[in-house]
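Q: Just a sequence and a predicted model for now, questions to come.
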Amino acid sequence: MSDLDFKKKHEHIVCIDSDGCAMDTMNIKHFRCFGPCMIKEWGLEKWEKEILEKWNEINLFSMTRGINRFKGLALCLLYVDENYTGIEGVKALKTWSDDAPELSNNAVSKMTEVSPVFEKALNWSKSVNASIEELPEEEIKPFEGVKEAFEEVYGKCDIAVVSSANPEAVRAEWGRFGLLDMVDIVCTQEMGSKSACLGMIRDKGYDVGHILMVGDAPGDLQAALENGVYFYPILVRHEAESWSEFKDKALEKFVADEYEGYGSLKAEEFKKNLA
């Protein structure tokens, strides 16, 4: 199930993102790990409250929700540099995050001789990973209504995980709550971008009108648009209601091939919610 050797069983497939969509993990990771580790690495405690609010706005509560961690870091540090205190090398970090073909710990490690900012960015990223691993397991759980929605999909459509998270974390988190038992294929970061994963799924013989991407971030909508497939949003701060509507209304429209107009309205609602 870790590759795309699977055979389609149904005419329709529902592709579901993990962090912040099925799993209630984005807020806790940003509140407790990403933002605080940045404050500590750059010694920004004097302005901690204001800077953490900006971090959360960039990464959770605006149209940049779900962007790569290094892009989010560069945007936030640029804000700090312009409003609070100078950040050495921040423009180099921003340029790299805009242009680099790969944004990972491995990629940033190759830049450490260019400017000290890259070494600090690498230290920060490693600290984030370590602090995420220390989060209490019992606090990592699906949003209300997710399992019921999966049970409604199961038997009617194939189910795929399409996530930029690491595969071990996805399997552990989804497996713990019995969600993995209903999943046909797991597509995670090692298989490429979400757009590439949707393309590979489409190539398994699904009509584009029979593929639905369920996501919580603009990158999920973009991946759907790039592949010409449908999108259903899980709205930040309204996750339980979103899953309830998916189960009671969206799924029925999707399976009946009546999704197009409804999907357009949901995409607009999604953009307004993050505006």
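A: Cool, the structure landed.

Q: pLDDT score for the residue lying closest to residue 84 once chain neighbours are set aside?
A: What sits nearest to residue 84 in space, not counting adjacent residues and going by Cβ to Cβ, 6 or more residues apart in numbering, is residue 47, at 4.8 Å. No exception for glycine: its C-beta is placed from N, CA and C like everyone else's. Looking at residue 47, its pLDDT stands at 98.

Q: Tell me the secondary structure of residue 61, please.
A: coil (DSSP: H, G, I helix; E, B strand; the rest coil).

Q: which ones are touching it?
A: 236, 274 (Cβ atoms under 8 Å, 6 or more residues apart in numbering).

Q: Would you check how far apart it and residue 140 are?
A: 21 Å (Cβ to Cβ, to the nearest Å).

Q: wait, the residue nearest to residue 84 sits on residue 79?
A: No. Residue 47 is beyond contact range of residue 79, at 10.6 Å (criterion: Cβ atoms under 8 Å).

Q: What segments of this protein are strands?
A: 13-16, 158-162, 185-187, 211-215, 230-233 (DSSP state E).

Q: of all those, which lies closest to residue 41?
A: For residue 41, the closest of the strands of the chain is strand 211-215, at 29.7 Å, according to Cβ to Cβ.

Q: Can you tell me the strand partners of that closest one and which way each runs?
A: strand 13-16 (parallel), strand 230-233 (parallel) (DSSP bridges).

Q: Determine which of the ones you listed approaches residue 187 most closely.
A: Comparing those under Cβ to Cβ, the one sitting nearest is strand 13-16, at 7.9 Å.

Q: average model confidence for stretch 186-196?
A: Averaging pLDDT along stretch 186-196 yields 86.

Q: Renumber starting at 52 from here on
A: Happy to do that; since the first residue is 52 now, the last one works out to stretch 237-247.

Q: got the end-to-end distance for that stretch?
A: 13 Å (Cα to Cα, to the nearest Å).

Q: Same question for stretch 234-246.
A: Termini of stretch 234-246 sit 19 Å apart (Cα to Cα).

Q: For it, buried residues please.
A: Under the neighbour-count criterion of 16 or more other Cβ atoms under 10 Å, stretch 234-246 has 234, 235, 236, 237, 238, 239, 240, 242, 244, 245, 246 buried.

Q: so which of those residues comes closest to residue 270?
A: Checking these one by one against residue 270 (Cβ to Cβ), the nearest turns out to be residue 245, at 6.4 Å.

Q: tell me the contacts of the residue nearest to the closest one when sequence neighbours are not counted?
A: Nearest residue to residue 245, sequence neighbours excluded (Cβ to Cβ, 6+ apart): residue 274, at 4.0 Å. The contact partners of residue 274, by Cβ under 8 Å, 6+ apart, come to 213, 244, 245, 246, 248, 249, 264, 266.

Q: What's the separation between the fourth one and residue 69?
A: Distance from residue 246 to residue 69, counting by Cβ to Cβ: 16 Å.

Q: hmm, back to that, out of residue 98 and residue 130, which sits in the busier spot?
A: Higher neighbour count among residue 98 and residue 130: residue 130, with 18 against 14, using other Cβ atoms under 10 Å.

Q: isn't that one right up against residue 103?
A: No. Look at residue 130 against residue 103 with Cβ under 8 Å: they stay out of range, at 11.7 Å.

Q: List the residues that contact residue 110.
A: With Cβ under 8 Å, 6+ apart, residue 110 has these contacts: 81, 85, 116, 117, 118, 123.

Q: Nearest to residue 201, out of these: which one, please.
A: residue 117 (21.4 Å).

Q: Neighbour-wise, give me the winner out of the contacts of residue 110.
A: Neighbour max across those (other Cβ under 10 Å) = residue 85, 25 neighbours.

Q: Give me the nearest residue to it, chain neighbours excluded.
A: residue 179 (5.5 Å).
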